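J.: Requesting a structural model of the entry that follows:
(2 chains)
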Amino acid sequence: MKRRRFIDFLLGGGIAGTIITFLYPVLKYIWPPKQSEVIVKSVVAGKINELAPNTYKIFKFGSSPGILINTKEGELKAFTAVCTHLSCTVTYDGDTETIFCPCHNGRFDLKGNVISGPPPRPLEAYNVEIVGEKILVSKRT
Amino acid sequence: MKRKLIFIFFVLLIGGNLSGEENNCIKCHMELEDELKAPAILFENDIHREYGLKCNDCHGGNPSVEDIDLAKDKTFKGAPPRNQIPEFCGSCHSNPNYMRKYNPSLRVDQLSLYWTSQHGKLLRKGDTKVAVCSDCHGVHGIRKAINPKSKTFPWNIPSTCGNCHSNKELMKEYGIPANQEKDYRESVHAKALYEKKDLSAPVCNDCHGNHGALPPELTSIAYVCRQCHLSSSELFSSSPHKTAFDELGLSECEACHGNHKILPPTDEMLGIGEKAVCIKCHEVDSKPYNIAKLLKQKLNNYLNRIDLAETLLDKAQKSGVEVSEPRFKLREVNTILIQVRDLIHGLNIKEIEEKLKNGNKLLDEIIEAGNSALKEVKFRRKGLIITLIFIFILAIALLLKIRQISKK
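T.: Have a look, this model is predicted:
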């Protein structure tokens, strides 16, 4: 191989390599990671008709869990699902229509107020809005 | 016109006196000194004053006249002797018809409860050193219990009780220790009350009662604790410990957690280590001893894996990799940890193992996610090195090309 061809090969290879390494982060940017880690103020917690009356679901509100409840009367309510006692994830007890913490049996009413057990504070309630077919849950300001 | 004005002035003056608006007790006592002046000053902030009561409503007499001899008429009772204070306060506070006028929801059984208390029993025997109403509620400056300045507001109660119960000299006579307040202030409950300002945290009266204060009986302590710690208490009741404790006459919660100085529970309380409570009763190599050892091992293993998962996720996050999903799952793992700690009170080994199994499954996923995230970090670093190599080659090639062109 002549010296000139070798230099041309190096130059071409270098340029190609550089283009690829520049393109890679660009493509990664275009196709972002599955989840974003930002401070969220509102999330889509589900779709309407997804929850039967007197049932619930846990949804992701940023990095914390939230609880979306469809009450017996068909009213949607959302709260943080982090118990104010020791930060366990709460669930909904349809029999008593209360929010229940499985760790130490803390109970909250459907306004988030403590009914019994060791939780010292009420659960933070979120706003629930229906936008099209989506249930949008947001922090109260 | 002048006559009319004089007439109105006299009507107002007489009317004012007749309706008892002028309080000559306060007027005179304000001119006195020290302990005779104090009631007049303190009464300014007294709950009774807020409800429109006057000195004569408790002490009798006639506050509308200035002359001291006339003021201290036949109805005048003055300050009651110490042994009569409960009946003195109870004359209104135990009268439902009277109390209903001011606060229909206020209880009227304080006096009858008081007579069942240790204080009341001793007072009846003639011991006037014991606490009476005024020792806990104050005199003349009495505030509602919901007022943070009240002596009976939750975070003031330890000091109120401690006024007597921390007095070594006084307590010596009754053969009871005087360290309860000090011990309480080091407890997890005091931490919740004073540091987190959690008013639901228990203070003296939540366990001992207030007007009917008594040392709780061994068997009733658990019922006191389960007012808040319902889950742990129910689990304990279903555990093999329940029968054993009853037979040995051990107090349920207190035997392991103590009483006034209830410290935050730690995992060290389980197992066979120095701080373990299991070895207080169980002999080395006995079956329960080995169960305690096994449970501690399983719990330690779970805790170590949580540590590993957290370390991996922290490392990945610091390197810029997105790990919110496994972090979300880690919350569930921690929920299971807290449940397991609670389940230990029930000693249902199968249930505990099942919970740990579920937690470990989640931990497998989280640890895998953490490792993948760290692989991604390595991959990105490798990519950076390759990029740098290419840039370096390009720079050299450009340099050589420039030299080649300049030679032509």
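
J.: now the helix or strand of chain A with the lowest mean pLDDT: how far from the chain's centre is it?
T.: Of all helical and strand segments in chain A, the minimum by mean pLDDT, DSSP states H and E falls on helix A:3-30, at a mean of 79. On the basis of CA atoms, centre = their mean, to the nearest Å, helix A:3-30 sits 40 Å off its chain's mean C-alpha point.

J.: Report all helices and strands that that helix contacts.
T.: Applying 3 or more CB pairs under 8 Å, 6 or more residues apart in numbering or on different chains; DSSP states H and E, we find helix A:3-30 packed against helix B:349-407. Just so you know, the C-beta spots here come from the backbone N, C-alpha and C atoms, and that holds for glycine as well.

J.: what's the angle from the helix it packs on to helix A:3-30?
T.: Using axes from the mean of the first three to the mean of the last three CA atoms, to 10 degrees, the direction of helix B:349-407 lies 140 degrees away from that of helix A:3-30.

J.: Quickly check: helix B:349-407 near chain A or not.
T.: Yes - contact of helix B:349-407 with chain A (CB under 8 Å from any CB of the partner chain) involves B:383, B:386-387, B:389-391, B:393-394, B:396-398, B:400-401, B:404.

J.: Centre of the chain to that helix, how far?
T.: Distance, stretch centre to chain centre, for helix B:349-407: 50 Å (CA atoms, centre = their mean).

J.: What mean pLDDT does it get?
T.: Across helix B:349-407, pLDDT averages out at 90.

J.: ok, the spatially most central residue of chain B to chain A distance?
T.: In chain B, the centroid-proximal residue (CA atoms, centre = their mean) is B:Ala201; its distance is 1.9 Å. B:Ala201 sits 8 Å away from chain A, going by CB to the nearest CB, to the nearest Å.

J.: what's the spacing between that residue and B:Lys191?
T.: As defined by CB to CB, to the nearest Å, B:Ala201 lies at a distance of 8 Å from B:Lys191.

J.: what's the answer for A:Gly62, then?
T.: Distance of A:Gly62 to B:Lys191, given as CB to CB: 29 Å.

J.: contact partners of stretch B:130-144?
T.: Contacts of stretch B:130-144 from elsewhere in the structure, counted by CB atoms under 8 Å, 6 or more residues apart in numbering or on different chains, are B:38-39, B:42-43, B:45-48, B:82-83, B:85-86, B:88-89, B:110, B:114, B:118-120, B:122-123, B:149-152, B:160-161, B:163-164, B:210.

J.: how does it look with 6 Å?
T.: Stretch B:130-144 has contacts (CB atoms under 6 Å, 6 or more residues apart in numbering or on different chains) with B:39, B:42-43, B:45-47, B:85-86, B:89, B:119, B:122-123, B:149-151, B:160.

J.: Check stretch B:178-196 too.
T.: B:155, B:158, B:162, B:165-166, B:168, B:171, B:198, B:201-202, B:260-262, B:264.

J.: what mean pLDDT does that stretch have?
T.: 95.

J.: Up against chain A, what does the stretch 51-200 of chain B have?
T.: Residues of the stretch 51-200 of chain B lying close to chain A by CB under 6 Å from any CB of the partner chain are B:Asp198, B:Ser200.

J.: ok and the residue in the stretch 51-200 of chain B nearest chain A?
T.: Here the residue of the stretch 51-200 of chain B nearest chain A is B:Asp198; by CB to the nearest CB that distance is 4.1 Å.

J.: Neighbours of that residue, how many?
T.: If you count neighbours by other CB atoms under 10 Å in any protein chain shown, B:Asp198 ends up with 18.

J.: Helix, strand, or coil at B:Asn83?
T.: Of the three states, B:Asn83 takes helix under DSSP: H, G, I helix; E, B strand; the rest coil.

J.: Contacts only, for it.
T.: B:Asn83 neighbours (CB under 6 Å, 6+ apart): B:Thr128.

J.: Starting from A:Gly132, give me the distance back to it.
T.: Plainly put, B:Asn83 is 76 Å away from A:Gly132 if you go by CB to CB.

J.: can you pull out the strands in the chain?
T.: Picked chain A for this. A:42-47, A:55-61, A:64-70, A:76-80, A:91-93, A:98-100, A:107-108, A:114-116, A:125-131, A:134-139 (DSSP state E).

J.: what inclination does the fourth one have with respect to strand A:42-47?
T.: To tie it back to what came earlier, the one meant is strand A:76-80. Using the same axes, to 10 degrees, strand A:76-80 lies at 130 degrees relative to strand A:42-47.

J.: How about the third one?
T.: Going by the same axes, to 10 degrees, strand A:64-70 is angled at 40 degrees with respect to strand A:42-47.

J.: before we move on, what about the last one?
T.: Here strand A:134-139 points in a direction 140 degrees away from that of strand A:42-47 (the same axes, to 10 degrees).

J.: Identify the residues contacting strand A:134-139?
T.: Outside strand A:134-139, the residues that reach it (CB under 6 Å, 6+ apart) are A:Lys41, A:Ser42, A:Val43, A:Val44, A:Ala45, A:Gly46, A:Ala78, A:Tyr126, A:Asn127, A:Val128, A:Glu129.

J.: what about the nearest residue to B:Gln404 once chain neighbours are set aside, neighbour count?
T.: Among residues not flanking B:Gln404 along the chain, A:Ile7 sits closest, at 6.4 Å (CB to CB, 6 or more residues apart in numbering or on different chains). Neighbour count for A:Ile7, taken as other CB under 10 Å: 17.

J.: According to the record, where do the domains of chain A fall?
T.: With domains defined by automatic domain parsing, chain A comprises A:1-32, A:42-139.

J.: Which one (most neighbours) among the contacts of strand A:134-139?
T.: Of those, with other CB under 10 Å as the count, A:Ala78 tops at 28 neighbours.

J.: That one pairs with what?
T.: Per DSSP bridges, the residues bridged to A:Ala78 are A:Leu68, A:Tyr126.

J.: can you tell me which residues contact it?
T.: A:Ala78 neighbours (CB under 6 Å, 6+ apart): A:Gly66, A:Leu68, A:Tyr126, A:Val128, A:Val137.

J.: Which per-residue confidence value corresponds to it?
T.: pLDDT for A:Ala78: 97.

J.: how near is it to A:Asn127?
T.: Distance, A:Ala78 to A:Asn127, by CB to CB: 8 Å.

J.: Likewise for B:Gly138?
T.: Counting by CB to CB, the gap from B:Gly138 to A:Asn127 is 46 Å.

J.: where in the chain is pLDDT low?
T.: Since you didn't name a chain, this refers to chain A. Counting by pLDDT under 70, chain A contains low-confidence ranges at A:1, A:26, A:29-38.

J.: please go with chain B instead
T.: For chain B (pLDDT under 70), the answer is B:1-21, B:218-219.

J.: If we use 80, what do you get?
T.: Across chain B, the ranges flagged by pLDDT under 80 are B:1-22, B:215-222, B:408.
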